[in-house]
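A.B. asks: Pasting a predicted model and its sequence here:
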Amino acid sequence: MNNLPDNDAFTSQLVAVQRRLYAYILTILPNLADADDVLQETNAVLLRKRDEYEAGSEFGAWACRVAYFEVLALYKKRQRERKRVLFADQNMLDVLAGEAESRFAAGDQALLARLEKCIQKLNPLHRRLIRLRYGDNLLADEIAENLSRSSGAVRQLLYRIRMRLLECVKEIALAEEKS
């Protein structure tokens, strides 16, 4: 029996967790530039290690754990470079990370489920664009080249898709409140 997620499910989960994962990283690493770098590296690691993720297990917790190790790697790199580090010792980093993980784990799983439903409603091209942008971590220019379109057209389409996903999530949440 294969416990690995299929590409669409993995991509959906990766896309859905981005905002919360970034918030988690910012909780333990409040420098925006560093947080951006750690998020990028975390996404790259998650994609490289996707075979290690068991479908059905808590994706967000796994992603946070990977992010924690990326923050720790940055922290150690800064110490080696003798650059100013935010925390005097790793214990403080561990305390903040534990606190952030608790809040993350207690987060709204319904939001993730809603987003996954909405992604499944997208047409195949739009799902592919979301997978390329957030699953494969490609930039709009790279996607444009891949699809033989202008980067401006790809950016505009990604924006429209994100707005459509946002509206869809809101509609599902409103329908759930009414029922």
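C.D. replies: Structure's in. What do you need? Source: prediction; values computed, not measured.
A.B. asks: give me the low-pLDDT residue ranges for this structure?
C.D. replies: 1-6, 30, 82-112 (pLDDT under 70).
A.B. asks: Recalculate using a threshold of 50.
C.D. replies: Residue ranges of the chain with pLDDT under 50: 1-2, 85-89, 106-107.
A.B. asks: domain parsing for it?
C.D. replies: 7-105, 109-178 (automatic domain parsing).
A.B. asks: Any chance of TSV for those, columns mean neighbour count?
C.D. replies: No exception for glycine: its C-beta is placed from N, CA and C like everyone else's. As requested, the domains of the chain are exported to TSV (neighbours: other Cβ atoms under 10 Å):
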stretch	mean neighbour count
domain 7-105	16
domain 109-178	15
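A.B. asks: quick one: Ala63 and Ala23 touch, right?
C.D. replies: No - between Ala63 and Ala23 there is no contact under Cβ atoms under 8 Å: 11.8 Å.
A.B. asks: sec struct for Ser57, please.
C.D. replies: coil (DSSP: H, G, I helix; E, B strand; the rest coil).
A.B. asks: give the contact list for Ser151.
C.D. replies: Ala140, Asp141, Ile143, Ala144 (Cβ atoms under 8 Å, 6 or more residues apart in numbering).
A.B. asks: ok, now with 7 Å
C.D. replies: Ala140, Asp141, Ala144 (Cβ atoms under 7 Å, 6 or more residues apart in numbering).
A.B. asks: do you know how far the last one is from Gly152?
C.D. replies: With distances defined as Cβ to Cβ, to the nearest Å, the gap from Ala144 to Gly152 amounts to 8 Å.
A.B. asks: Ok, the second one next?
C.D. replies: As defined by Cβ to Cβ, Asp141 lies at a distance of 10 Å from Gly152.
A.B. asks: All the strands of the chain, in order from the start?
C.D. replies: Along the chain, no segments are classed as strands by DSSP state E.
A.B. asks: Show me where it has its helices.
C.D. replies: Along the chain, counting by DSSP state H, helices occupy 7-28, 32-48, 59-80, 90-105, 109-121, 124-130, 140-147, 151-178.
A.B. asks: who's in contact with Ala44?
C.D. replies: Asn137.
A.B. asks: Let me know the closest of the contacts of Ser151 to Val169.
C.D. replies: Taking Cβ to Cβ as the measure, Ala140 is the one of the contacts of Ser151 closest to Val169, at 22.6 Å.
A.B. asks: Over to Ser150: give its phi and psi.
C.D. replies: Torsion angles at Ser150 (phi, psi; degrees, to the nearest 10) stand at phi -80, psi 150.
A.B. asks: who touches it in this structure?
C.D. replies: So Ser150 contacts Ala144 (Cβ under 7 Å, 6+ apart).
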